[in-house]
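Enquirer: I need the structure of the sequence given here:
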Amino acid sequence: MRSVDRTAKAEPPGLARREVWREGVGVAVATSAYGISFGALAVASGLDVWQTCVLSLLMFTGGSQFAFIGVFSAGGMSALPSAVASAALLGVRNMAYGMRMSPIIGSGFWKRAAAAQVTIDESTAVAISQSARPLRLLGFWVTGIGVFVGWNLTTLLGALLGDVLGDPKTWGLDAAAAAAFLALLWPRLKQRQAIAVGVAAAVVASALTPFIMPGLPVLVAAVVAIVVGWFNWLGDRRPRVDPEVPA
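Expert: Reported below is the predicted structural model:
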């Protein structure tokens with residue numbers, strides 16, 4: 001049997017790196033655009049420009065930031081504990097990303113500390129989609145740093161424009177958070193289990209919203225989602241068999 005020369009089919013290193021750069025920068029630009037919405041919504045909810053910028057610099061996880069602002073704007077200072085809890089709950093996923101990225105990042109205190117700040121959905125997704133560790137590292141840092149810089153710049157821009165734009169509803173910015181979540185969620189709704197979790201959480205949150213403090217419906221819905229996911233209702237219970245990977 002004739003052997004196959006795998007090296008002949010491999011992409012040249014320079015071309016592969018350019019592709020990673022192109023992918024990382026593209027993701028960073030697309031994601032950073034949401035920062036304008038966040039900055040405008042944060043100012044409209046009662047935060048000033050500096051508070052909005054500090055929130056983006058320190059928290060730096062879009063889903064958690066939108067959740068915090070959404071709950072805070074609905075309930076004010078009385079809803080602050082719920083806003084913090086909602087943001088923290090959404091931020092827990094970054095711990096899983098950190099465990100996945102840890103062997104790729106490697107050792108070194110300052111390097112790992114910097115990586116922790118930019119370990120988000122986008123940087124992790126671009127990194128793990130690459131075929132080799134050097135490309136994964138490149139994808140992680142290009143995407144993570146790109147989103148961090150772009151997100152904070154657009155947050156500042158949105159906050160400065162917030163007063164000029166007036167009511168966010170006039171420009172549809174009040175729907176930006178929901179649209180972003182839907183865009184992230186939709187590709188995952190391919191199995192009955194994922195649909196069951198989403199529907200159960202949405203029904204519970206919608207039913208409780210008129211009756212309890214803002215932010216609490218999200219937390220209760222999260223508990224429901226965990227229960228549905230834990231018991232794997234409507235999920236595929238067959239054991240998963242990974243396809244054989246050629247050497």
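
Enquirer: May I have the secondary structure class of Gly24?
Expert: helix (DSSP: H, G, I helix; E, B strand; the rest coil).

Enquirer: Please report how far the nearest residue to it once chain neighbours are set aside lies from Glu23.
Expert: Using Cβ to Cβ, 6 or more residues apart in numbering and skipping residues adjacent in sequence, the residue nearest Gly24 is Val142, 3.4 Å away. Where C-beta positions appear, they are placed from N, C-alpha and C, glycine not excepted. Counting by Cβ to Cβ, to the nearest Å, the gap between Val142 and Glu23 amounts to 8 Å.

Enquirer: Overlap in contacts, those two.
Expert: Residues touching both Val142 and Glu23 by Cβ atoms under 8 Å, 6 or more residues apart in numbering: Val126.

Enquirer: more crowded one of these two?
Expert: Neighbour totals were compared for Val142 and Glu23, and Val142 leads with 22 against 18 (other Cβ atoms under 10 Å).

Enquirer: just checking, what packs against the helix or strand where the more buried one lies?
Expert: Assigned by DSSP states H and E, Val142 belongs to helix 133-165. Using 3 or more Cβ pairs under 8 Å, 6 or more residues apart in numbering; DSSP states H and E as the contact criterion, the elements in contact with helix 133-165 are helix 13-32, helix 34-44, helix 49-58, helix 93-105, helix 109-117, helix 121-128.

Enquirer: Export these to TSV and append columns for mean pLDDT.
Expert: Shown next, in TSV, are the helices and strands packed on helix 133-165 (pLDDT from 0 to 100):
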stretch	mean pLDDT
helix 13-32	88
helix 34-44	84
helix 49-58	90
helix 93-105	86
helix 109-117	91
helix 121-128	89
